[in-house]
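Visitor: coordinates only, sequence not included:
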């Protein structure tokens with residue numbers, strides 16, 4: 001992510017004023033809606049502005065510091081409740097992501113996971129035969145990767161990572177782009193890291209999804225103020241192409257994030273809360289008996305939500321999307 005990781009103070013997501021034009025396509029932004037914060041440690045409403053051309057939205061106002069947004073609250077260094085039982089599910093998520101990469105780059109080579117978190121996907125990619133590494137700007141992620149998976153990550157933002165030009169066969173940027181105030185420079189930098197023909201897989205929430213419409217200001221994946229750019233498929237495609245990448249596909253039938261996101265968004269609307277169960281599991285919020293009771297009563301609706309989300313994904317309205325792009329052979 002753009003910013004600094006020096007010890008002189010916590011890095012910020014970006015600097016300067018919020019964009020006056022759409023960061024995806026350059027179109028004009030118009031006032032849209034307000035949404036409650038998706039992070040208990042950063043309370044308050046956030047105003048959003050939306051592009052009149054591609055439908056992408058931006059979170060207005062100054063971004064939170066990196067430390068406040070990514071080293072506190074639900075992102076703090078804690079073991080989530082139920083994390084042991086979730087391991088098989090997380091492994092299935094990693095396998096699907098690896099299949100996305102392999103579908104468009106069958107030969108195993110050098111892979112970099114950008115925003116690698118606690119290093120789980122880097123470990124999975126190595127086990128699948130990739131020469132995999134990762135960069136991660138947070139100290140808690142780097143420490144957890146070493147402790148949990150024996151993976152050494154480089155602590156760096158995108159613009160200060162020590163990656164040689166044209167040195168990578170694949171890059172995964174999984175739910176990182178939405179955290180950036182201006183994602184275009186990041187994509188241009190990453191495109192330069194790829195060898196000609198190398199692939200980039202970008203996962204982001206889909207503002208054009210059924211989830212987003214049903215959840216409204218309490219959509220699970222809106223997650224303001226931490227998320228700064230809220231992309232549509234059209235906006236994501238335009239952004240990638242403007243960054244010099246050749247778009248290969250956009251996948252929306254995804255196991256990771258989508259079924260749970262649909263269910264949690266519906267529960268948020270029913271309860272008038274913002275992802276209460278998620279934050280309880282992440283130990284970012286204490287259980288509130290009323291909200292938790294309604295949430296637990298809604299658990300039987302998970303298969304229904306998963307089925308609806310599957311249909312949404314097939315129709316190009318999935319809750320999150322994964323764009324696959326390639327560095328042109330003559331790039």
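Guide: Looks like it came in fine. Remember, predicted model here, so these are calculated numbers, not experimental data. Residues are numbered from 1 along each chain as shown.
Visitor: what's across from residue 111 in the sheet?
Guide: residue 132, residue 170 (DSSP bridges).
Visitor: residues contacting it?
Guide: Applying CB atoms under 8 Å, 6 or more residues apart in numbering to residue 111 gives the contacts 101, 125, 130, 131, 132, 133, 168, 169, 170, 171, 172. All C-beta spots, glycine's among them, are computed from the backbone N, C-alpha and C.
Visitor: read off the pLDDT value for it.
Guide: Looking at residue 111, its pLDDT reads 98.
Visitor: what about it, distance to residue 132?
Guide: 5 Å (CB to CB, to the nearest Å).
Visitor: who touches both of those two?
Guide: residue 125.
Visitor: can you map out the strands along the stretch 1-150 of the chain?
Guide: Ranges of strands in the stretch 1-150 of the chain, per DSSP state E, counting those that start in this stretch, are 29-36, 45-51, 57-59, 110-114, 131-135.
Visitor: I'd like the ones you listed written out as TSV, with distance to residue 305 added.
Guide: Below are the strands of the stretch 1-150 of the chain laid out as TSV (distance: least, CB to CB, whole Å):
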stretch	distance to residue 305
strand 29-36	21
strand 45-51	25
strand 57-59	24
strand 110-114	28
strand 131-135	31
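Visitor: put the buried members of the contacts of residue 111 into a PyMOL selection.
Guide: Here is the PyMOL selection string for the buried members of the contacts of residue 111, based on 16 or more other CB atoms under 10 Å:
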select buried, resi 101+125+130+132+133+168+169+170+171+172
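Visitor: ok so, going back, among the strands of the stretch 1-150 of the chain, which is nearest residue 224?
Guide: Nearest of the strands of the stretch 1-150 of the chain to residue 224, taken as CB to CB: strand 45-51 at 3.9 Å.
Visitor: ok, residue 199 to residue 325 distance?
Guide: In terms of CB to CB, residue 199 sits 7 Å off from residue 325.
Visitor: the more surrounded of these two?
Guide: Between residue 199 and residue 325, residue 325 has the larger neighbour count (other CB atoms under 10 Å), namely 29 against 25.
Visitor: and that one, that's in a strand?
Guide: Yes: using DSSP: H, G, I helix; E, B strand; the rest coil, the secondary structure at residue 325 is a strand.
Visitor: residue contacts, the nearest residue to it once chain neighbours are set aside?
Guide: Taking CB to CB, 6 or more residues apart in numbering, and ignoring the residues beside it in sequence, residue 325 has residue 245 as its nearest neighbour in space, at 3.9 Å. By CB under 8 Å, 6+ apart, the residues touching residue 245 are 187, 191, 200, 325, 326, 327, 328.
Visitor: export those residues to CSV and tack on distance to residue 211?
Guide: Below are the contacts of residue 245 laid out as CSV (distance: CB to CB, whole Å):
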residue, distance to residue 211
187, 24
191, 29
200, 24
325, 23
326, 28
327, 31
328, 33
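Visitor: which among these count as buried?
Guide: Buried among the contacts of residue 245 by 16+ other CB under 10 Å: 187, 191, 200, 325, 326, 327.
Visitor: and the spatially closest residue to the last one that is not a sequence neighbour, how many neighbours?
Guide: Leaving out its chain neighbours, the residue that sits closest to residue 327 by CB to CB, 6+ apart is residue 194, at 4.1 Å. Other residues within reach of residue 194 by the criterion other CB under 10 Å amount to 26.
Visitor: do the same with residue 293
Guide: Residue 293 has 12 neighbours, counted by other CB under 10 Å.
Visitor: let's verify it: helix, strand, or coil?
Guide: Following three-state DSSP, the label given to residue 293 is helix.
Visitor: got any ranges where the stretch 51-200 of the chain has weak pLDDT?
Guide: Scanning the stretch 51-200 of the chain with the threshold set as pLDDT under 70 gives 77-78, 82.
Visitor: go with 90
Guide: 61-62, 65-87, 139-140 (pLDDT under 90).
Visitor: sorry, back to before: hmm, the residue nearest to residue 327 is touching residue 165, no?
Guide: No: applying CB atoms under 8 Å, one finds residue 194 not in contact with residue 165, separated by 9.1 Å.
Visitor: which residues touch residue 330?
Guide: Listed by CB under 8 Å, 6+ apart, the contact set of residue 330 reads residue 196.
Visitor: what about it, distance to residue 144?
Guide: For residue 330, the distance to residue 144 - CB to CB - is 41 Å.
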